[in-house]
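Colleague: Pasting the sequence and the predicted coordinates here, then a few questions.
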Amino acid sequence: GQALKRLGDTSKGIALYERALQLQEELTGQHSLEVVPILVNLAAAHLALASPAAAQPHIERGLAIRTKELGADHQQTAAVKKWLDKCRAQLSNPTAAGATASGPAATPNTRGSEGGGG
C-alpha cells in the first residue's frame, strides 16, 4: 500500500490496505491495536485522494481502539488524533485538501505507532 501510494497509485493502495485490514482483523481481532496503523494508512490514502468522508470512519475507529487500550493521553493515541484533525480540516475546507492530506507517515507495524518518515 505505501509503495503504491508513493508511486501515485493511491486507489490500488487503498485496495491493498483494505485487504491487509481484513487479514489483520482475522489474525488479531477487529479491536486490536495491530489494526490501527492499517486504519490510519487507509485513511491517509483516502485523504490523499481528497476523500475525507471516506477517511473519517477509519481514523475514528483507530482513535477509539487506541483510547480504550492505551488511554487518551498516550503518544500513539495523540498521533491518531492529529490525523483526525487533518481529516476534519479537509472536511471543513475541501479546497485546501492538498495542503492537509500530508502528515506524519503512518507506517504499519505490530506496535501500532505512526513514524515520521513520510
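Modeller: Everything's here; your move.

Colleague: Which element, helix or strand, includes the nearest residue to Pro52 once chain neighbours are set aside?
Modeller: Nearest non-adjacent residue to Pro52, counting by C-beta to C-beta, 6 or more residues apart in numbering: Gln90, 3.9 Å away. (Glycine included, C-beta is placed from N, CA and C.) Using DSSP states H and E, Gln90 falls within helix 75-92.

Colleague: residue contacts, Gly29?
Modeller: Val35 (C-beta atoms under 8 Å, 6 or more residues apart in numbering).

Colleague: try Arg88
Modeller: Pro52, Gln56.

Colleague: What ranges in this protein fall below the confidence cut-off?
Modeller: 1-8, 96-118 (pLDDT under 70).

Colleague: so which helix or strand takes in the most centrally placed residue in the chain?
Modeller: When C-alpha atoms, centre = their mean is applied to the chain, the residue found nearest the centroid is Val40 (1.2 Å). Assigned by DSSP H and E, Val40 belongs to helix 36-48.

Colleague: what about Leu42, how many neighbours?
Modeller: 28 (other C-beta atoms under 10 Å).

Colleague: which one is it nearest to, not counting chain neighbours?
Modeller: Tyr17 is the one closest to Leu42 (C-beta to C-beta, 6+ apart), at 4.1 Å.

Colleague: who's in contact with the one you found?
Modeller: Gly1, Ile38, Asn41, Leu42, Ala45.

Colleague: quick one: it from Asn93, how far?
Modeller: Noted for Tyr17: a distance of 25 Å to Asn93, by C-beta to C-beta, to the nearest Å.
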